[in-house]
Structure formats: C-alpha cells, structure tokens
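Student: got a sequence here, can you build the structure:
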Amino acid sequence: MPYEKIKIETALMPAYYKEFHCLASACQDTCCAGWKIEFNKKDYLAIKRAARTDELKQKLSEGMPRLREREHDNMYAEFSMDTAGKCHLLREDGLCALQLECGPDTLPRVCRIFPRKEVYTAHAREFSLSPACEGVLALLWDLPEGVDFVEEPLHPNDVRYFHPKNEASAHFAPIRSLFIDVLQERSLKLSQRLLLLGLLTQQLQALDWEQAEPLEDWLERAVVTLHSPAVADQMGRMPRNRQLFLANGLHVLLAAFPQPGAFRDEMLEVINENWKEQDLRKFVIQGGRYQALEEQLDELMGHSEWFFENLMVSLAFHLQFPVLNSPEELWKSYVNLCNLYSFYRFAAVCACGKEVSRARLTHVLVQVSRALLHNSVRQSNLREELFKNDSATLAHMAILVGG
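Tutor: Numbers count the residues shown, from 1 in each chain. I've put the predicted structure just below:
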C-alpha cells in the first residue's frame, strides 16, 4: 500500500557538530594516510587546473594516477601513497601541499567533507561526524553531560520528500528518538541499555508494520519500560561469558586487520605476550591480563561510562540506526551496533597494554573506526557471520556487550 510522503524541511545534527575543526598537523593519525583516497573526474580536473607551481604539478603528475578500471562507478583517479602509506601530497609538517597552495575548495570532495556525513532520513537532513577522526573523539571526550541534538530549518532549495516503505519507517523519528533515550539512560549500565535496546527491538519486530496504532502503542509501552525500576534487574540476569567475548574480540581484530602490521602486532602482544610462538588459529587470550587492563581503562575513564555512551549515541546517529526497511533489516542493524560496541570496548582495553592515556585510547579507536566502520563490506561480513553461526540472538548480544 502507498504511504503518505514526508516533507523533509529541517536539518538535524549533534550539538557538537559545528564545533568540529581539523587538528591539521596536531593530529597523531592524519586522514591522509592508511587508506585509499579516490575521487571523480570533476575533482580530478579541478585539481589539475588549480596547480600553479612546478613543484605541485610534479607531485600531481607522480601521485595522482587515473583509475581506468573504476570509471564504471564514477571513481576517476586517486592520490597514491608513499612507502609509509601516506599521501604524496602530505608534507613533513603534516599539512597538505594542495590545500596550502590552492585552498581547501580545490580538494576532492572526499577530503573536504571527512569526517562529516550527510544523508536524508524520514526525519531530517542529518549531519554527523565519524569517530574515525581524532578531532571528533576529542569532542565526545569533552561532553560529560551527554550528546544533545539541534534542529534547524532547511533552505527551500534543500527541501526533499521521503517516501516511507511501511508504517515503521514512517515512524522513524519517534522510534529513533526513543532508542537514543535508551542509550542515554544513566540509571542503567551501558551494557544493560544495549540489552534493553535489543528487547525493545524484538518487540518492534513482532508488530504489524502496516498499521500505525500498534506502533504507537509500542512506543508508549517502551517509555514506561525504560523508566521501570525492575528493568535493571531484568537486564542484569542476561547471560555473560568472558571467554566467548574475548574470542569474538580476537576474531574481529584479525578480520579488521588481516595483514601483519605494527598496530595488529601490538594488540596481539597485549593479550598474549608469547603470541608470536602460537598458531593464531589456536591463539589463547590471557584472561587475567585482560582484566587488569580493563581496570586500568576504568581508571582512565574516571570510573564512568559517559565517553562510551557518547560514542555509541554518535555511532547510532551516524549509521541511521535503527534501519526500518523491514523487520529483518531492523534486527541486523541492532546486531551490527552490538558487534561494533563489543569490539570498540575490547580494543579500548587492549590500548592500555602499551600506554594508559587518552592519546593512546584515541589512536586505537581511530584505527578501529577506519578499519571497520569505514569498510562496509568487512562490517557486513562480520555481522553475517553471526547469523550463519546462530549467534545473532539476544542472548549472544548480551555476551558481546557484557564483556
């Protein structure tokens, strides 16, 4: 059945969005290294025309090869990387030679917008920031009261219409608002909030998505459940299995960083000092070592969960969670969110093995985000593995988020 289209005439963003600025040379993990920087023909020609000095022209001649095999998907060229994995245009002082000579507007779109993302949803034109940037994590670190959101009117030229596929997608705004409230409910531990999110997601799955009334009744009941004194006790009875949690963390680590390298080697050494002598297929994580590092992370965080709360709220918003195309896609989006949280937590604990500091934690979370959050194929494959192994149940999610 056709559904009434929704007029999108507002912009929605986290309150910290407009405070973001690039750290430039002060960033320890430049976004000009470690991954492919590809762009379309329009960007390619603009860069070629903008170069003025012979030095820059030479750099572009050597470091901006065409992608002739990629023209089918509109990718026309890329910035090549040097032997250290850095863009050829990145100077020793950490600044971009192209931007310094020609201005920021000359950069390809991928460079101009990162870590920003914008998308139209059933609620608004939404603007978010990826945690794959040190500057974004710095903003999340400085929000002990949590993440607020602001809504602004759109310019008339930016107004669009959203065509919902079902009543659930037509109710995206109140459903997503409820789920953000769950993630920010500080009367519960963060793991308990994620479990409650799963319980509410299961209830939502079971409804008739072609009728508005059941959805509205569920929203009312969900608010009552969220503030029920009994909910913490109910969530606290969900199963936990530390060894299974650690095994999943190791599996995601090896999938996210499949090739040997300094980062992966450091992480492996943290959880088993003798890892080089072991077959990774039979790798054993030293549970006592992990627990000691977990306590150090807790000290670093001031025995508080607000930073990870902010991270998960921002991730949920960035991923347009929940996905309401179908009941199946809804549950997949929840499983994906839990798997991401589980590995962020695992990696954060391992970060303390080398150094217990905010800088070290930031470095590890940036690397994890770039390897996982910004690799949709890898992220999807890990999620689908859980379904294939019958591990996409709420009970298994309790193990993943409970540590």
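Student: near the closest residue to residue 158 other than its chain neighbours, how many other residues are there?
Tutor: Excluding the flanking residues, the one nearest residue 158 by C-beta to C-beta, 6 or more residues apart in numbering is residue 125, at 6.3 Å. Every residue, glycine included, has its C-beta placed from N, CA and C. Per other C-beta atoms under 10 Å, the neighbour tally for residue 125 reads 20.
Student: please apply the same query to residue 65.
Tutor: As a burial measure, residue 65 scores 11 neighbours (other C-beta under 10 Å).
Student: how about residue 207?
Tutor: Using other C-beta under 10 Å, the number of residues around residue 207 comes to 16.
Student: can you read off the pLDDT for the closest residue to residue 15 other than its chain neighbours?
Tutor: Distances taken as C-beta to C-beta, 6+ apart place residue 148 nearest to residue 15, at 4.2 Å, with adjacent residues excluded. The model reports residue 148 with a pLDDT of 97.
Student: and residue 206, by the same measure?
Tutor: Listed pLDDT for residue 206 reads 96.
Student: so what's it up against?
Tutor: The contact partners of residue 206, taken as C-beta atoms under 8 Å, 6 or more residues apart in numbering, are residue 327.
Student: all further residue positions should be reported with the first residue as 9.
Tutor: Yes, from this point I'll number from 9; that puts the last item at residue 214.
Student: phi and psi next, for it.
Tutor: phi -80, psi -10 (degrees, to the nearest 10).
Student: quick one: it from residue 222, how far?
Tutor: For residue 214, the distance to residue 222 (C-beta to C-beta, to the nearest Å) stands at 9 Å.
Student: low-confidence ranges, the stretch 9-158 of the chain, go.
Tutor: Scanning the stretch 9-158 of the chain for pLDDT under 70 picks out 9-10, 78-80.
Student: ok, back up a step: shouldn't the residue nearest to residue 23 be in contact with residue 20?
Tutor: No: here residue 156 lies out of contact with residue 20, judged by C-beta atoms under 8 Å, at a distance of 11.4 Å.
Student: between these two, which is the more surrounded one?
Tutor: Neighbours per residue, other C-beta under 10 Å: of residue 156 and residue 20, the larger number sits with residue 20, 20 against 11.
Student: name the nearest residue to the more buried one, ignoring sequence neighbours.
Tutor: Closest to residue 20 by C-beta to C-beta, 6+ apart is residue 132, at 3.8 Å.
Student: so that neighbour sits against residue 18, correct?
Tutor: Yes: counting by C-beta under 8 Å, residue 132 does reach residue 18; the two are 4.7 Å apart.
Student: neighbour-wise, which of those two wins?
Tutor: Neighbours were counted for residue 132 and for residue 18 using other C-beta under 10 Å; residue 132 has more, 22 against 15.
Student: any idea how far the more buried one is from residue 404?
Tutor: 34 Å.
Student: measure stretch 394-409 end to end?
Tutor: One end of stretch 394-409 sits 14 Å from the other (C-alpha to C-alpha, to the nearest Å).
Student: quick one: contacts for residue 154?
Tutor: 192, 314, 317, 318, 321.
Student: now, which of those residues sits nearest residue 40?
Tutor: residue 318 (26.1 Å; C-beta to C-beta).
Student: burial measure for the closest one, as a count.
Tutor: 25.
Student: how about the secondary structure of the closest residue to it other than its chain neighbours?
Tutor: What sits nearest to residue 318 in space, not counting adjacent residues and going by C-beta to C-beta, 6+ apart, is residue 148, at 4.2 Å. Following DSSP: H, G, I helix; E, B strand; the rest coil, residue 148 is assigned to helix.
Student: all helices for the stretch 209-358 of the chain, in order.
Tutor: For the stretch 209-358 of the chain, the helices defined by DSSP state H, counting those that start in this stretch cover 220-234, 239-244, 250-264, 270-279, 295-308, 314-326, 335-359.
Student: tell me the angle of the very next helix or strand once past the longest one relative to helix 295-308?
Tutor: Meaning helix 335-359. Reading on from helix 335-359 to the C-terminus, the next helix or strand found by DSSP states H and E is helix 366-376. With axes from the mean of the first three to the mean of the last three C-alpha atoms, to 10 degrees applied, the angle from helix 366-376 to helix 295-308 works out at 120 degrees.
Student: hey, C-alpha coordinates of helix 366-376 in PDB?
Tutor: Provided in PDB are the C-alpha atoms of helix 366-376 (Å, rounded to 0.1, in the frame of the first residue of the first chain):
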ATOM      1  CA  ARG A 366      43.800   9.500  26.400                       C
ATOM      2  CA  ALA A 367      46.200   9.800  23.400                       C
ATOM      3  CA  ARG A 368      46.700   6.100  23.200                       C
ATOM      4  CA  LEU A 369      43.000   5.400  23.500                       C
ATOM      5  CA  THR A 370      42.200   7.900  20.800                       C
ATOM      6  CA  HIS A 371      44.700   6.400  18.500                       C
ATOM      7  CA  VAL A 372      43.300   2.900  18.900                       C
ATOM      8  CA  LEU A 373      39.600   4.000  18.400                       C
ATOM      9  CA  VAL A 374      40.500   5.900  15.300                       C
ATOM     10  CA  GLN A 375      42.300   2.900  13.800                       C
ATOM     11  CA  VAL A 376      39.400   0.600  14.600                       C
END
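Student: which positions within that helix qualify as buried?
Tutor: Of the residues in helix 366-376, 368, 369, 370, 371, 372, 373, 374, 375, 376 count as buried by neighbour count, 16 or more other C-beta atoms under 10 Å.
Student: and for the residue nearest to the second one when sequence neighbours are not counted, the neighbour number?
Tutor: Take residue 369 and drop its neighbours on the chain: the residue closest to it by C-beta to C-beta, 6+ apart is residue 359, 5.1 Å away. For residue 359, the neighbour count with other C-beta under 10 Å is 27.
Student: now swap in residue 100 and tell me
Tutor: Neighbours of residue 100 under the rule other C-beta under 10 Å: 6.
Student: go on, residue 194?
Tutor: 12.
Student: what's the separation between the residue sitting furthest away from the middle of the chain and residue 109?
Tutor: In terms of distance from the mean C-alpha position of the chain, residue 62 ranks first, at 40.0 Å (C-alpha atoms, centre = their mean). Separation of residue 62 from residue 109 (C-beta to C-beta): 11 Å.
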